[in-house]
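Enquirer: okay, sequence plus prediction incoming.
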Amino acid sequence: MDYYDILLAKQLGGGGGGGSINIADELAKGNPTGDITITETSVVSNAFRYKTGITSVDAPNVTTMDGWAFMGCTGLLSANFPELTVINGNTFEDCTSLENAIFQKATILYGNSFKNATGNLAFPSLTSIQLNGFSTFKGKEIDFGNTFSKFEGFSLTNLQSSFPLDTIVLRRSESVVAVYATSGVNSAQFSSGGSGGKIYIPKVLYDHLNDGTSLDYMSSTNWANVMGSNPNNSFECIEGSYYETHYADGTPIS
């Protein structure tokens with residue numbers, strides 16, 4: 001069933017009551033499955049919560065989305081939100097099938113946005129994370145872009161070595177991306193595999209690992225917590241790697 005056609009008919013054929021119809025809300029009422037498209041600019045809170053039959057969402061015009069919008073969408077494989085600027089609390093919590101997604105314009109990520117979620121995720125414009133944004137994240141790769149400067153609000157809390165996260169990409173080169181024990185990682189660690197996990201950083205930082213200068217990347221508080229006890233975890237240089245030309249979700253960097 002094409003739910004958008006039904007909505008279009010309502011809008012053109014007259015619902016009698018006037019006013020706009022929220023497409024996201026109406027789609028959710030219809031218990032949509034498969035691939036859906038949202039043409040409006042906003043998505044209401046809880047709109048698609050626990051709609052497990054949705055496999056992909058294309059939202060080319062959505063700039064705002066309230067919390068819990070796609071929480072529990074366990075069948076969701078892909079999400080396209082190129083204009084979304086803020087990712088609110090619990091938006092993609094428990095999206096346990098998400099594969100690859102890039103949020104080009106998202107600058108802020110709030111509480112539990114990707115709790116228990118999976119996927120290779122990229123945030124080219126992200127500046128901050130608040131309140132458990134990636135608590136118990138179960139994806140493999142996160143790319144934080146080149147504007148991100150600080151983990152805070154238990155950003156990476158309760159990452160565990162048994163989870164599959166093995167790649168973090170930090171593109172900011174102007175200064176160290178800081179991690180704070182009481183408000184940044186809180187017992188986070190990653191990659192228990194034999195090959196270890198990798199944190200990719202710009203060459204200007206990579207060249208000063210452990211040399212005692214102000215650019216010494218390990219001087220940033222509690223990076224050792226993120227590395228955990230796996231001796232195979234390591235910092236890697238972005239230059240010369242796949243991530244020099246691609247984001248973690250596979251999107252080429254233009």
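Expert: Perfect, I can see it now.
Enquirer: where does the protein dip in pLDDT?
Expert: For the chain, the stretches flagged by pLDDT under 70 are 1-22, 153-154, 157-161, 180-188, 192.
Enquirer: try it again at 50.
Expert: In the predicted model, the chain carries pLDDT under 50 at residues 1-19.
Enquirer: what residue lies at the spatial centre of it?
Expert: Nearest residue to the geometric centre of the chain (CA atoms, centre = their mean): residue 121, 5.0 Å.
Enquirer: report all helices and strands that whichever strand or helix holds that residue contacts.
Expert: Assigned by DSSP states H and E, residue 121 belongs to strand 120-122. In terms of contacts (3 or more CB pairs under 8 Å, 6 or more residues apart in numbering; DSSP states H and E), strand 120-122 is packed against strand 100-102, strand 141-143. C-beta: built from backbone N, CA, C; applies to glycine.
Enquirer: residues contacting the closest residue to residue 163 other than its chain neighbours?
Expert: In space, and not counting its chain neighbours, residue 163 is closest to residue 138: 5.3 Å by CB to CB, 6 or more residues apart in numbering. Residues in contact with residue 138, defined by CB atoms under 8 Å, 6 or more residues apart in numbering, are 96, 116, 117, 118, 163, 164, 165.
Enquirer: next one: residue 199
Expert: Residue 199 touches 167, 168, 169, 170, 223, 226, 227, 233, 234, 235, 236, counting by CB under 8 Å, 6+ apart.
Enquirer: can you tell me which of those are in strands?
Expert: 167, 168, 169, 234, 235, 236 (DSSP state E).
Enquirer: how far does stretch 43-54 stretch from one end to the other?
Expert: End-to-end span of stretch 43-54 (CA to CA, to the nearest Å): 15 Å.
Enquirer: I misspoke; the intended subject was stretch 116-133.
Expert: End-to-end distance of stretch 116-133: 10 Å, with CA to CA as the criterion.
Enquirer: my reading is that residue 204 lies in a helix. Confirm?
Expert: Yes. Secondary structure of residue 204 (DSSP: H, G, I helix; E, B strand; the rest coil): part of a helix.
Enquirer: leaving out chain neighbours, which residue sits closest to it?
Expert: Sequence neighbours aside, residue 173 is the residue nearest to residue 204 in space, at 4.8 Å (criterion: CB to CB, 6+ apart).
Enquirer: now do the one you found: how many residues are near it, please.
Expert: By the criterion of other CB atoms under 10 Å, residue 173 has 14 neighbours.
Enquirer: swap in residue 100?
Expert: When neighbours are counted by other CB under 10 Å, residue 100 registers 18.
Enquirer: how near is it to residue 123?
Expert: Residue 100 is 13 Å from residue 123, where distance means CB to CB, to the nearest Å.
Enquirer: which residue ranges form the helices in this structure?
Expert: For the chain, the helices defined by DSSP state H occupy 3-13, 23-29, 203-206, 223-227.
Enquirer: what are the contacting residues of the strand holding residue 121?
Expert: Strand 120-122 is contacted from outside by 98-103, 114, 139-143, 145, 247-251, using CB under 8 Å, 6+ apart.
Enquirer: could you pull out the strands for the stretch 1-150 of the chain?
Expert: With DSSP state E, counting those that start in this stretch applied, the stretch 1-150 of the chain shows strands at 34-37, 42-43, 54-58, 64-65, 78-80, 86-87, 100-102, 108-109, 120-122, 128-129, 141-143, 150-151, listed in chain order.
Enquirer: in a markdown table: those, plus distance to residue 193.
Expert: As requested, these are arranged in a markdown table below (distance: least, CB to CB, whole Å):
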| stretch | distance to residue 193 |
| --- | --- |
| strand 34-37 | 33 |
| strand 42-43 | 37 |
| strand 54-58 | 29 |
| strand 64-65 | 34 |
| strand 78-80 | 26 |
| strand 86-87 | 28 |
| strand 100-102 | 21 |
| strand 108-109 | 26 |
| strand 120-122 | 16 |
| strand 128-129 | 25 |
| strand 141-143 | 14 |
| strand 150-151 | 23 |
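Enquirer: to residue 212, which of these lies closest?
Expert: Nearest to residue 212 among the strands of the stretch 1-150 of the chain is strand 150-151; the distance by CB to CB comes to 22.2 Å.
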